[in-house]
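**Student:** Let's see this in three dimensions:
(4 chains)
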Number of protein chains: 2
Amino acid sequence: MKLTTKGRYAVQAMADIAAFGGASAVSLSAIADRQGLSTAYLEQLFLKLRRAGLVESARGPDGGYRLARTADAISVAAIVEAVDEEIRTTACGGAPIGCRGDGGRCLTHDLWAALERHIETFLEDVTLGDIVTGRFAAPLSLSVVAEALA
Amino acid sequence: MKLTTKGRYAVQAMADIAAFGGASAVSLSAIADRQGLSTAYLEQLFLKLRRAGLVESARGPDGGYRLARTADAISVAAIVEAVDEEIRTTACGGAPIGCRGDGGRCLTHDLWAALERHIETFLEDVTLGDIVTGRFAAPLSLSVVAEALA
DNA sequence: TGATAGTTGACTGTTTTACTCGGGTTTCTT
DNA sequence: AAGAAACCCGAGTAAAACAGTCAACTATCA
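**Tutor:** This is a model prediction of the structure:
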């Protein structure tokens, strides 16, 4: 789960469709205008989003993109994973064992694995619908609950 | 809060000191041997860790580094922040308002701010002591609790 | 049949990352 | 006093990733 501007732009563009696209498709140029991005760059992003099955395209005049599922059924995690290639494996990357090359397990492996799961859980719980309506604050309050329990 | 291998190496090295350093200081070459890192790189990291007040140094033979506080009083967040320069401000970076340049607020700003806080909270709750003893799994179980509540 | 708009791969400049190098300075041991 | 161990510190660098562009093509609708 990489977190770059690419992923942020993708979420932003998808949120734009969720917010402004009704029954009709939304063209990239419309998104570019509203969000201040270049259409050329959006093309690259939507190529991946379409292949990931998150949007459907319509060609020709009045064409554009529309969400493949409802906004509430598309998680932010799915969007980020679609455009940001898989995180490159660091030394510890693939195998949970053998981080040090000598068969020993590095001291911190579990920590980063836990953090990664933590981030993924957070982003999986937030949907496009949450962003458009502002409801996405919910998962945050849960961490407050957790802190109160500790 | 950037998350790079630099930060991971720093945490790994600090954990090494917490695990292997008793009363005496731990030399960089000892850490380098155990963790499979280069001393030259470790020097760079520990320069920052020392300036951040996380470790104290002792020069001369038998010198090295020791933790400035107890392992339980040093959070992973503090280590990562010490070595990874402040996150460069993206378009949205500084101001919560005006992400789009036209005075409007971008749709996703709050989301990324919330995620950032989420990550920081997680790393602030984990200490070097937790890593060495394996106790750091605690924050994870809390998220499980949160999920059960949802 | 022409305009609109998606489709696609290749390409490129910049920035960041992840290091290394070389030369210091301090302190302990003998 | 000599020498070695170890920290101190700035400069430099090769490779990768990032962010974004370009050009050419195809499909659809009016």
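
**Student:** Which residue lies nearest the spatial centre of chain A?
**Tutor:** A:V80 (2.5 Å; CA atoms, centre = their mean).

**Student:** Contact partners for the nearest residue to A:Q12 once chain neighbours are set aside?
**Tutor:** Closest residue in space to A:Q12, ignoring its immediate chain neighbours: B:T108 at 5.0 Å, by CB to CB, 6 or more residues apart in numbering or on different chains. Every C-beta, even on glycine, is put in place using the N, C-alpha and C of the backbone. Neighbouring residues of B:T108 by CB atoms under 8 Å, 6 or more residues apart in numbering or on different chains: A:8, A:11-12, A:15, A:131.

**Student:** DNA strand D contacts on chain A?
**Tutor:** Taking CB under 7 Å from any atom of the strand as the criterion, chain A approaches DNA strand D at residues A:2, A:4-6, A:9, A:38, A:40-41, A:43-44, A:59-63, A:84-85, A:88.

**Student:** Kindly recompute the last result at 6 Å.
**Tutor:** Counting by CB under 6 Å from any atom of the strand, the residues of chain A close to DNA strand D are A:2, A:4-6, A:38, A:40-41, A:44, A:59-61, A:88.

**Student:** Which two of these have the greatest separation?
**Tutor:** A:P61 and A:R88 (41.3 Å; CB to CB).

**Student:** what pLDDT does A:G94 get?
**Tutor:** On the pLDDT scale, A:G94 is placed at 46.

**Student:** what do you get for A:T5?
**Tutor:** 86.

**Student:** do you know how far it is from B:G64?
**Tutor:** According to CB to CB, to the nearest Å, A:T5 stands 40 Å off from B:G64.

**Student:** Equivalent analysis for A:S57, please.
**Tutor:** A:S57 is 60 Å from B:G64, by CB to CB.

**Student:** do the same with A:D125
**Tutor:** 44 Å.

**Student:** These two: which is more packed in?
**Tutor:** Ranked by neighbour count (other CB atoms under 10 Å in any protein chain shown), A:D125 and B:G64 place B:G64 first, with 21 against 18.

**Student:** Specify the beta-bridge partners of the more buried one.
**Tutor:** On the basis of DSSP bridges, B:G64 is bridged to B:A58.

**Student:** Pretty sure it sits against B:L28.
**Tutor:** Yes. Judged on CB atoms under 8 Å, B:G64 makes contact with B:L28 at a distance of 7.0 Å.

**Student:** quick one, phi/psi of A:T127?
**Tutor:** The phi and psi values for A:T127, taken as degrees, to the nearest 10, are phi -110, psi 170.

**Student:** What's the separation between it and DNA strand C?
**Tutor:** Here A:T127 is placed at a distance of 23 Å from DNA strand C (CB to the nearest atom of the strand, to the nearest Å).

**Student:** got it, and A:Q44?
**Tutor:** Applying CB to the nearest atom of the strand, the value for A:Q44 to DNA strand C is 6 Å.

**Student:** and what of A:R34?
**Tutor:** Per CB to the nearest atom of the strand, A:R34 is found 13 Å from DNA strand C.

**Student:** circling back: got TSV for the contacts of B:T108, with pLDDT and secondary structure too?
**Tutor:** Converted to TSV, those look like this (pLDDT from 0 to 100; DSSP: H, G, I helix; E, B strand; the rest coil):
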residue	pLDDT	secondary structure
A:R8	90	helix
A:V11	94	helix
A:Q12	92	helix
A:A15	94	helix
A:I131	90	helix
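
**Student:** Going by neighbour count, which of the residues you listed comes out on top?
**Tutor:** Busiest of the contacts of B:T108 [other CB under 10 Å] is A:Q12, holding 28 neighbours.

**Student:** Surely that one touches B:H109?
**Tutor:** No. Under the criterion of CB under 8 Å, A:Q12 makes no contact with B:H109, lying 9.2 Å away.

**Student:** can you pull out the helices in chain A?
**Tutor:** A:5-20, A:28-35, A:39-51, A:76-83, A:109-125, A:128-133, A:138-149 (DSSP state H).

**Student:** and B:R69, which of these is closest to it?
**Tutor:** helix A:109-125 (18.9 Å).

**Student:** which strands and helices sit next to that closest one?
**Tutor:** Under the contact definition 3 or more CB pairs under 8 Å, 6 or more residues apart in numbering or on different chains; DSSP states H and E, helix A:109-125 sits against helix A:76-83, helix A:138-149, helix B:109-125, helix B:138-149.

**Student:** Return the set of buried residues in it.
**Tutor:** A:109-112, A:114-115, A:118-119, A:121-123, A:125 (16 or more other CB atoms under 10 Å in any protein chain shown).
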